[in-house]
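Enquirer: how would this look folded up:
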Amino acid sequence: MIRTHEAGTLRAQHAGQQVTLAGWVAHRRDHGGVIFVDLRDASGVAQVVLHENAAAHELRSEYCVKVTGQVRLRPQGNENPELPTGEIEVAADAVDVLSESAALPFPIEGAEELSEEIRLKYRYLDIRRAEVARALRVRSTAAHLASDVMREHGFIQVETPYLTRSTPEGARDFLVPVRLRPGHWYALPQSPQLFKQLLMVAGLERYYQLARCFRDEDLRADRQPEFTQIDIEMSFVTREDVVEVAEDLIERLWAEIAGYRVPRPIPQMTYAEAMDRFGSDKPDLRFGCELSDLTGYFAQTTFRVFQAPYVGAVVMPGGAGQTRKELDGWQDWARARGARGLAYVTVAQDGALGGPVARNLSAAERDGLAAEVGAGPGDCVFFAAGKPGPARQLLGAARLEIGDRCGLIDGSAWAFMWVVDAPMFEEDGAGGWTPVHHPFTAPLPAWADKFESAPEHALADAYDIVCNGNEIGGGSIRIHRADVQQRVFDVLGLAREDAESRFGFLLEAFKYGPPPHGGIAFGFDRMTALLAGRRTIRDVIAFPKAASGNDPLTGAPSPITAEQRREAGVDAVPQSASAGGSRGVVPPGSAQS
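Expert: Next comes the predicted model:
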């Protein structure tokens, strides 16, 4: 090592020691004959004092330097209690410039105000900022702790392939052409789902990995085209066994990183109750404002808007004081989410209801409404009516918006919840059914013999864990019986030949004594963003993509050359085996466009 100490580790007990430091110039201050430099390395910052000389005058922000000198206590009154090294400084005897820095595209300090595009383009400079580096260290610590917990529970780490075949898992695959078999393609895995089930058939019983996953889908703050899961699978288990391991992992991470003791057991709530009370399958429990079901209350209404399968409401405390412009803004907010609008009434100080909806209600409906939804003088009541699913989702989104606008959410609080017993299937919009999770999710035992007779009501043996309104993990007990799996495929309208084409290797393995098994996958990026107090998962990924999916740093994705297309066989048409080709191989250069 070219240094004897890390800058951020120096303390008062090092006074009098000769040290060699190496790092970057964070700040340089010229005090007329004496120059003070804040020297930064990965461990922190130490103040270096240089007497005026040519080397000292050369130093600029982000120069990489080596400093040799003696540690001494700062003069009394000059200590900096905000720095761990604030009691000492290093009196430099020699300064060597290891490399110079060009003019910075942005200051390392205070770069939060810059656009994310600029920060990501110069991500290597962005990571020099203490808060960004800290987030990546939180991620590293979380990975070590997760491995410790898994090892303590007898899990083995197994890596599964990145290059595999395309299987439907709810999103589009990223596809990779195969040069040696033109016209054929690998797919990058959306998850290790099928492989971890194969590992259970193989008898390993307890598997985990920090798995890279790839999904070609629309991006937003908590999504990236490539992301990481803590992937877990276990044999001979029930839901309770998986939940216990998952809670041990959550407890360790939050205790050692966030200093918070997660209450055990973590409460559980059914999917139906979560949707009914909060309009979301990942409810934020740090504040109230629960939804009210008014379907029965308005069962005899003459107001046509409320003559719907579902009518619900959510209360905005103090919302009656909003201006007409603000109330109209709620309509734009709702329309941006695909709704026609957001009906409302205001409650005056004398209890009288105001707003356009109030005029359409009967006297009896107006008189009892505030009490029915728990609204008081000065509040505003928002309504949604229509099909239960979309109406509840709109109210759930309004609830979160109310919590944010009214300052109801305690940003320092942690609220965990298991959401269990989700539906097995949902309508696919074409008269059929699609799995809510994936087609290998087992039904609840009570539904095992009848799910195909009422797919709209069938419940899955599935469980999601939610923290502060974020789904941080989800899993299920899997189907391990071939007859049950085929019945699920039948509900999904998946013919036997199609199932064999897509999942044949798994179905073949299931002929050889598959054990009962289940598991869970944690969104590692999302968990570490919460633990690090960051706003998006991009903040805890070393080199993330922008919201557009582009990489400002490398310029990816980028076009390829015509030669690359030919060599990779991008445009090749696979030959059938019966056409005389060797397993469908098309010689390079013979592809048809």
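
Enquirer: And the next helix or strand past the helix or strand that contains Tyr463?
Expert: Per DSSP states H and E, Tyr463 falls inside strand 462-467. Following the chain from strand 462-467 toward its C-terminal end, the next helix or strand by DSSP H and E is strand 470-477.

Enquirer: next one: the strand holding Tyr463 to chain centre, how far?
Expert: Remark: strand 462-467 is offset 13 Å from the chain centroid, using C-alpha atoms, centre = their mean, to the nearest Å.

Enquirer: try stretch 202-219
Expert: The answer for stretch 202-219 is 15 Å, by C-alpha atoms, centre = their mean.

Enquirer: Check which residues of that stretch are buried.
Expert: 204-215 (16 or more other C-beta atoms under 10 Å). C-beta: built from backbone N, CA, C; applies to glycine.

Enquirer: Give me the neighbour count for the residue nearest to Asn360 when sequence neighbours are not counted.
Expert: Nearest residue to Asn360 in three dimensions, chain neighbours excluded: Phe303, at 4.4 Å (C-beta to C-beta, 6 or more residues apart in numbering). Residues lying near Phe303 (other C-beta atoms under 10 Å) number 16.

Enquirer: same thing with the one 4 residues further on?
Expert: Using other C-beta under 10 Å as the criterion, Gln307 is surrounded by 13 other residues.

Enquirer: That one and Thr295 touch, don't they?
Expert: No. Taking contacts as C-beta atoms under 8 Å, Gln307 lies outside contact range of Thr295: 10.5 Å.

Enquirer: other SSEs contacting the strand holding Tyr463?
Expert: Here strand 462-467 touches helix 239-253, strand 416-420, strand 470-477, strand 517-523, going by 3 or more C-beta pairs under 8 Å, 6 or more residues apart in numbering; DSSP states H and E.

Enquirer: Pairing partners for that strand, with directions?
Expert: Strand 462-467 has the following sheet partners, assigned by DSSP bridges: strand 416-420 (antiparallel), strand 470-477 (antiparallel).

Enquirer: Run through the bridge partners of Asp38.
Expert: Asp38 has the following beta-bridge partners by DSSP bridges: His27, Gln47.

Enquirer: what about it, distance to Ala391?
Expert: Relative to Ala391, Asp38 is positioned 56 Å away (C-beta to C-beta, to the nearest Å).

Enquirer: With Pro559 instead?
Expert: 45 Å.

Enquirer: Out of the helices and strands packed on strand 462-467, which is the most enclosed?
Expert: Of all these, strand 517-523 carries the top mean neighbour count, a mean of 24, counting by mean count of other C-beta atoms under 10 Å.

Enquirer: Note down every partner strand of that one and its orientation.
Expert: strand 226-235 (antiparallel), strand 470-477 (antiparallel).

Enquirer: now the angle between helix 239-253 and it, please.
Expert: 30 degrees (axes from the mean of the first three to the mean of the last three C-alpha atoms, to 10 degrees).

Enquirer: Just the C-alpha atoms of the following helix or strand past strand 517-523, please, in CSV.
Expert: Next along the chain after strand 517-523, taking DSSP H and E as the criterion, comes helix 524-532. C-alpha atoms of helix 524-532 as CSV (Å, rounded to 0.1, in the frame of the first residue of the first chain):
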residue,chain,number,x,y,z
PHE,A,524,-32.9,-6.6,-3.3
ASP,A,525,-32.7,-3.2,-4.9
ARG,A,526,-35.9,-2.1,-3.4
MET,A,527,-35.0,-3.3,0.1
THR,A,528,-31.6,-1.6,0.0
ALA,A,529,-33.1,1.6,-1.2
LEU,A,530,-35.4,1.6,1.8
LEU,A,531,-32.6,0.8,4.2
ALA,A,532,-30.4,3.5,2.7
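
Enquirer: from now on call the first residue 880
Expert: Sure, I'll start numbering at 880, so the last one becomes helix 1403-1411.

Enquirer: the inter-axis angle of helix 1403-1411 versus helix 1118-1132?
Expert: Counting by the same axes, to 10 degrees, helix 1403-1411 lies at 50 degrees to helix 1118-1132.

Enquirer: what about helix 1403-1411, distance to the chain center?
Expert: 7 Å.

Enquirer: contacting residues around that helix?
Expert: Contacts with helix 1403-1411, where a contact means C-beta atoms under 8 Å, 6 or more residues apart in numbering, come from 1013-1014, 1017-1018, 1021-1022, 1025, 1089, 1101, 1103, 1106-1109, 1132-1133, 1136-1137, 1346-1347, 1349-1352, 1414-1416, 1418-1420.
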